[in-house]
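S.K.: With the input below, show me the fold.
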Amino acid sequence: MGGSCAQRQRPGRPQVLFTLLLLLPLFCPALGQPVRYSIPEELDRGSVVGNLAKDLGLSVLEVSARKLRVSAEKLHFSVDAESGDLLVKDRIDREQICKERRKCELQLEAVLENPLNIFHVVVEIEDVNDHAPRFPKDEINLEISESINPGMRTILESATDPDIGVNSLSKYHLSPNEYFSLLVKDNPDGGKYPELELQKTLDRETENTHHLVLTAVDGGDPPRSGTAQLRIRVVDANDNPPVFSQDVYRVRLREDVPPGTAVLRLSATDQDEGINAEFTYSFLGVANEAQHVFSLDSLTGDIVTHQPLDFEEVEKYTIDVEVKDRGSLSSQCKVIIEVLDENDNHPEIIITSLSDQILEDSPSGTVVALFKVRDRDSGENAQVTCSLSGDSPFKIHSSSNNYYKLVTDSILDREQTPGYNITIIATDRGKPPLSSSIIITLHVADVNDNAPVFQQPAYLVNVPENNQPGTSIAQVKARDPDLGLNGLVSYSIIASDLEPKALSSYVSVNQDSGVVFAQRAFDHEQLRSFQLTLQARDQGSPALSASDPGLFSLGLRTGEVRTARALGDRDAARQRLLVAVRDGGQPPLSATATLLLVFADSLQEALPDLVDHPTPSDSQSELQFYLVVALALISVLFLFAVILAIALRLRQSSSSSTTGCLGPVLGSKSRPVLPPNYSEGTLPYAYNLCVPGDQLYNCV
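M.R.: Model prediction:
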């Protein structure tokens, strides 16, 4: 077996190339030459055709482990699960399967699983001499006038033998006699037919009937034969037999002509006069099939279609026609009708292997289905192309002659599309083209590829002091679009600016509902504010959480965008970030900016993705956008400077009771630590600015 598969490598993606190399052995074996066997027909059931496992390079253990089997439209063979032998399962009659075709081959597909492979197997059925030649009738009756001169020839009914090659009809014999001899002629279609030649003038008064035996012999070893009784009656003189205008008539007829279509009008003449010049036409030894398809007017010689034609069943008809006058003289001709193919058969799509579901993280190029197409027409009418209907993340690859693979063309996302109805269309090249389609339903199985996301990035909670212990003070909500355990969210507290030992005595969170409870009564004079960082985690494997680091982090004061971790395989090479800035006014004002980031090995690779060609109408809108952003930044910086100045002034003039507003929290041993950045998906840290006024503390 052999084959080749082309590989393409994307820059900066060695992991993708490695994945493709791992998948390559799965499909390349199906692209090579088929495994071929040759067996005679009529083998006994259970006969061994060959060791399919050995020819496919499989061990005995792999035969059952990988479920080696064969498939075909009509299964004549099976595979021994222990030895891997290809066995005859049903009676194989070459004449029934292939009719008159010279080459008889059965196409099989050998299917392996784990991983899924398909191999083409061709079994050639050799003809054996299991049929003897046979004449249409056991007795052939002829009438010959005694006035006929020696040398006159008449065509006899031919025998048929469904075998082919050397086993087909080879010769004819005639029982010895002094009046007649036998000539064997070749038909235009390659067959043979007998002609009876008169060697000596007949004398009706001496012998009015001659009984001979006509024998047809095939070329088999040993040869088979069939006989017919030839009865020749000698009649009184009728000088001239009717004669056809041609010995052979050829007609070409489209297969889509309706019944009743005129095919040909035969023409014959007789130089006699009176009753001896009147003649009729008839089919001579026509097979039953041709008699049903065509009809012949005995008086006019018109041949018309009697039933619809089908090129796929019979491509050519050879008919012997006899014209006979009232004096029993006759002559024969041959009519050869060639049936022309029309595009009257729709392509067929045959699914050989199908997966009904696929994981959403399956790599591009994953095989979903194997199928083949077939069109019973010939020539361009039988050339079929396959396509997919509509937009879908799938494509079709041609693996070998008329065999195709349906594979994924991009990464799937169950959360966007949980399933697909894929329509495969097969269209031939006829005029007009005919097509057929089949719908494959594919379900996308969920994987844990989405981390929970909180409904809002931060929660500001005001709690009155002296509250009741066990009171609900807040509820956080996170959403995970995955299914089942992959989307089941639990909540926990992972960080706080309180002492770890003191945290459990202050607050707790319900892991199922996200409700935050106060474990004790709060005292404003001891603790005025504190921060919690909560985590939402799903139950998938591996579990994902809303506090997992994103790819980027943002400096809350500096505005610097930094990478928070290393670039992974699942991260796209092209990233688009939306950065927002908001002031502290009432109401707060904000502005946004979009950053386009491209990861590449060199600047030359990144330039095509970064180049932007704005239209003249876009330039003005971009300028306005930048002005708005600049004004927003200036406003934020100004407000920040004012707030900082007020805070410093208050700190200098405040009493000792207010010194803890920006310092350590009362009752804590260390100052709360503020993180320098905020990662997407993590609840952000916040700090409170407390301003004294009217003997009360207002926290912003």
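
S.K.: Which stretches in the stretch 1-150 of the chain count as helices?
M.R.: With DSSP state H, counting those that start in this stretch as the criterion, the stretch 1-150 of the chain has helices at 14-27, 52-55, 60-65, 94-98.

S.K.: With respect to those helices, which exhibits the lowest mean confidence?
M.R.: With a mean of 41, helix 14-27 has the lowest mean pLDDT of the helices of the stretch 1-150 of the chain.

S.K.: so where do the helices sit in this structure?
M.R.: Here the chain has its helices, by DSSP state H, at 14-27, 52-55, 60-65, 94-98, 288-293, 500-506, 603-610, 616-653.

S.K.: per-domain residue ranges of this structure.
M.R.: 34-128, 139-340, 343-447, 453-611+618-693 (automatic domain parsing).

S.K.: which residues in the stretch 201-350 of the chain form strands?
M.R.: 209-218, 225-235, 243-244, 248-254, 262-265, 268-269, 279-283, 294-296, 302-305, 316-325, 330-340, 348-354 (DSSP state E, counting those that start in this stretch).

S.K.: Arrange those strands in a markdown table, one row each, with distance to Ser38, mean neighbour count and mean pLDDT as further columns.
M.R.: For the C-beta atoms, the positions are set from N, CA and C on the backbone; glycine is no exception. Listed next are these as a markdown table, based on distance: least, Cβ to Cβ, whole Å; neighbours: other Cβ atoms under 10 Å; pLDDT from 0 to 100:
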| stretch | distance to Ser38 | mean neighbour count | mean pLDDT |
| --- | --- | --- | --- |
| strand 209-218 | 21 | 18 | 93 |
| strand 225-235 | 28 | 19 | 91 |
| strand 243-244 | 45 | 18 | 94 |
| strand 248-254 | 36 | 14 | 94 |
| strand 262-265 | 40 | 15 | 94 |
| strand 268-269 | 49 | 17 | 92 |
| strand 279-283 | 39 | 19 | 92 |
| strand 294-296 | 38 | 20 | 93 |
| strand 302-305 | 40 | 18 | 95 |
| strand 316-325 | 28 | 21 | 91 |
| strand 330-340 | 31 | 19 | 92 |
| strand 348-354 | 24 | 15 | 91 |
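
S.K.: Looking at the ones you listed, which is nearest to Pro464?
M.R.: Distance to Pro464, taken as Cβ to Cβ, is lowest for strand 348-354 among the strands of the stretch 201-350 of the chain, at 64.6 Å.

S.K.: Put the alpha carbons of stretch 191-211 into PDB.
M.R.: Output of stretch 191-211 as PDB, limited to C-alpha atoms (Å, rounded to 0.1, in the frame of the first residue of the first chain):
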ATOM      1  CA  GLY A 191     -20.200 -13.400 -31.300                       C
ATOM      2  CA  LYS A 192     -20.500 -16.200 -33.800                       C
ATOM      3  CA  TYR A 193     -23.500 -17.400 -35.800                       C
ATOM      4  CA  PRO A 194     -24.100 -20.400 -38.100                       C
ATOM      5  CA  GLU A 195     -25.000 -20.300 -41.800                       C
ATOM      6  CA  LEU A 196     -26.400 -23.300 -43.600                       C
ATOM      7  CA  GLU A 197     -25.100 -23.700 -47.200                       C
ATOM      8  CA  LEU A 198     -26.700 -25.900 -49.800                       C
ATOM      9  CA  GLN A 199     -24.200 -28.200 -51.400                       C
ATOM     10  CA  LYS A 200     -26.400 -30.200 -53.700                       C
ATOM     11  CA  THR A 201     -29.700 -29.600 -55.500                       C
ATOM     12  CA  LEU A 202     -32.700 -30.900 -53.600                       C
ATOM     13  CA  ASP A 203     -35.300 -33.300 -55.000                       C
ATOM     14  CA  ARG A 204     -38.600 -33.100 -53.100                       C
ATOM     15  CA  GLU A 205     -39.800 -36.300 -54.800                       C
ATOM     16  CA  THR A 206     -36.800 -38.200 -53.600                       C
ATOM     17  CA  GLU A 207     -36.700 -36.800 -50.100                       C
ATOM     18  CA  ASN A 208     -39.100 -34.100 -48.900                       C
ATOM     19  CA  THR A 209     -37.700 -33.600 -45.400                       C
ATOM     20  CA  HIS A 210     -34.100 -33.600 -44.000                       C
ATOM     21  CA  HIS A 211     -33.400 -34.100 -40.300                       C
END
